[in-house]
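In: Just the structure for this:
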Amino acid sequence: MPRSRINGNFIDKTFSIVANILLRIIPTTSGEKEAFTYYRDGMSAQSEGNYAEALQNYYEAMRLEIDPYDRSYILYNIGLIHTSNGEHTKALEYYFRALERNPFLPQAFNNMAVICHYRGEQAIQQGDSEIAEAWFDQAAEYWKQAITLTPGNYIEAQNWLRITGRFE
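Out: Purely as a prediction, here's the structure:
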């Protein structure tokens, strides 16, 4: 049974009902509908912390989905799971792949910046200030891209950029 039919969360149920109505109204192929069902089930599993199940659903959605824009969100969510699992190199790879298909994902740029900033902090703890500065510079570039796309967001990042002299 699809996850969307067994999830007890009111918001998830409401989303599923609306999504099912839209899938009936909007002209889509059966493959697109199936891809969306896997994507929706992946989001549901991910929201519950069932990352292995979410990944299975996302990989199946990727197999079926042909639209680059839709694929970008699947790849982004896979990146989120790898970030949550501390697999930062894999996460960065998926964020890059998402941005190749959709360069207007400020949240992907933000998450990449957060990972780079974290790596910069790790380098400081290891006593390597030169490597830390390189990571911080990379974080700054990603945050600038996110801020360019959504100027009113990422206020903490904007403050960090100003404080560190990286905001141009």
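In: contacts, neighbours, all on C-alpha from now
Out: OK.
In: Skipping its backbone neighbours, what lies nearest residue 45 in space?
Out: The shortest distance from residue 45 to any non-neighbouring residue, by CA to CA, 6 or more residues apart in numbering, is to residue 54 (5.0 Å).
In: Could you pull up phi and psi at that neighbour?
Out: phi -60, psi -50 (degrees, to the nearest 10).
In: Residue 45 and residue 39 touch, don't they?
Out: No: contact status for residue 45 versus residue 39: not in contact, 9.9 Å apart, counting by CA atoms under 8 Å.
In: who has more neighbours, the two?
Out: Neighbour count, other CA atoms under 10 Å: between residue 45 and residue 39, residue 39 has more, with 27 against 21.
In: What does the pLDDT read for that one?
Out: Per-residue confidence (pLDDT) for residue 39: 95.
In: Ok, the one 4 residues further on next?
Out: Residue 43 is assigned 93 on the pLDDT scale.
In: Could you pull up the residues touching the most centrally placed residue in the chain?
Out: Of all residues in the chain, the one closest to the mean position by CA atoms, centre = their mean is residue 76, 3.2 Å from it. Contact analysis of residue 76 by CA atoms under 8 Å, 6 or more residues apart in numbering lists 94-95, 98, 108.
In: ok, 10 Å please
Out: Contact analysis of residue 76 by CA atoms under 10 Å, 6 or more residues apart in numbering lists 82, 91-99, 105, 107-108, 111.
In: from the residues you listed, which two are the most distant?
Out: Using CA to CA, the pair of the contacts of residue 76 lying farthest apart is 82 and 105, separated by 17.4 Å.
In: got the domain boundaries for this structure?
Out: Here the domain parsing of the chain from the TED database is 29-91, 104-167.
In: quick one: which of the contacts of residue 76 is most hemmed in?
Out: Neighbour counts for the contacts of residue 76 were taken using other CA under 10 Å; the highest belongs to residue 108, which has 30 neighbours.
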